[in-house]
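> Test case, fold it:
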Amino acid sequence: MGADRVVGGGVTDDGGVTGDGDVTADGHVVADEVRLTVDELAARAGVTVRTVRFYGTKGLLPPPELGPRRVGLYGAAHLDRLGLIEELQRQGLTLAAIERYLARLPEDSTPLDLAIHRALVASWTPEAVEELGRAQLERRAGQGLSEEQVERLAAMGALERTEDPEVFRVDPGLLPLGVRVLDVPIPLETLLAARAVVLEHSRATARELQRLFRETVWKPYRESEPAPEELARMKALTDHIQPMVAQALVTAFQRSLREELGEAVRGTASPDTTENR
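Take a look at the predicted model:
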């Protein structure tokens, strides 16, 4: 693991940490990314401080930056990487397997890439819903939530309302991504339609892959009349294949999405913009 980096910023009256911010050539101030102490990071991720530090010692989380008073500060990349680790553990991967999985991610993966990756992995894993009160939900989200924002999160499948208006069934894999796009000016109807498209095609892909494996691998294997111990070994192999297939699907989806969005942006660029490139 590399050495901690020192960042600027100050400490507010209530003990919070602020960044210096960057200034662009035209004088606009660009806000720093989120800065969290280890306690805040653990609360946002829904894990213990001990877990955060354990992952750090195993090299699964990069070291924090050093802020004012040499306090270790974590950013959005740490939060999303931690969420992905937790999601992979829910799949049953060992820490060694998770380390290999993370090592295969593109080096230029952004926090948003990791959030998308986690959300897609979560959609292919067994349901792991948590019931949270509003205060717990807002602490996990890292911000207060209006009723409109709660509705948008529900439309994205990140949470469901319960009979108690102050208690929510939360999908920990989808919540971080949902919070990231809360302020994006996308109509609620579009979010609902987008979610339906993702679910429809992910389920169709899963069914087709299951059919392919059953007909070309499992069926011929069973017809060869293997010994009972060989059957058990094959079943164990399928458990190892699942995370590899999930990663391949996520990577392919992200690559395709970037290409399609890039084409859309280029297609809507004005002639003046195109000529000035």
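> Every contact and neighbour count from this point should use C-alpha atoms.
Will do.
> ok, which stretches of the chain are helices?
Counting by DSSP state H, the segments of the chain that form helices are 38-45, 49-57, 76-90, 95-103, 111-123, 134-141, 147-155, 175-180, 188-213, 219-223, 228-268, 271-275.
> as a whole number, average confidence for the last one?
Along helix 271-275, the predicted local confidence has a mean pLDDT of 51.
> Low-confidence stretches in the stretch 101-250 of the chain?
Low-confidence segments of the stretch 101-250 of the chain (pLDDT under 70): 112, 119-128, 231-232, 234-244, 246-247, 250.
> right, and the helices of the chain - which one's nearest Pro68?
Put simply, out of those the one that sits nearest Pro68 is helix 38-45, at 14.1 Å, with distance taken as Cα to Cα.
> Can you name every helix or strand that the closest one contacts?
Helix 38-45 is packed against helix 49-57, helix 76-90, helix 134-141, with contacts defined by 3 or more Cα pairs under 8 Å, 6 or more residues apart in numbering; DSSP states H and E.
> so which of these gets nearest Arg233?
Nearest of those to Arg233, taken as Cα to Cα: helix 76-90 at 21.4 Å.
> and the gap between the nearest residue to Ile85 once chain neighbours are set aside and Pro111?
Taking Cα to Cα, 6 or more residues apart in numbering, and ignoring the residues beside it in sequence, Ile85 has Ile98 as its nearest neighbour in space, at 6.9 Å. According to Cα to Cα, to the nearest Å, Ile98 and Pro111 sit 18 Å apart.
> again, but for Thr216
With distances defined as Cα to Cα, the gap from Thr216 to Pro111 amounts to 38 Å.
> picking up where we left off before, go through the helices and strands packed on helix 38-45 and find the least confident stretch.
Among the helices and strands packed on helix 38-45, helix 76-90 carries the lowest mean pLDDT, at a mean of 85.
> Dump it to CSV, keeping only the CA atoms.
The C-alpha trace of helix 76-90 is given here as CSV (Å, rounded to 0.1, in the frame of the first residue of the first chain):
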residue,chain,number,x,y,z
ALA,A,76,-16.2,8.9,-3.1
ALA,A,77,-13.9,6.3,-4.6
HIS,A,78,-13.4,4.7,-1.2
LEU,A,79,-17.1,4.7,-0.5
ASP,A,80,-18.0,3.1,-3.8
ARG,A,81,-15.2,0.6,-3.7
LEU,A,82,-16.2,-0.4,-0.2
GLY,A,83,-19.8,-0.9,-1.4
LEU,A,84,-18.6,-3.1,-4.2
ILE,A,85,-16.6,-5.2,-1.8
GLU,A,86,-19.6,-5.8,0.4
GLU,A,87,-21.7,-6.7,-2.6
LEU,A,88,-19.2,-9.2,-3.8
GLN,A,89,-19.0,-10.7,-0.3
ARG,A,90,-22.8,-11.1,-0.5
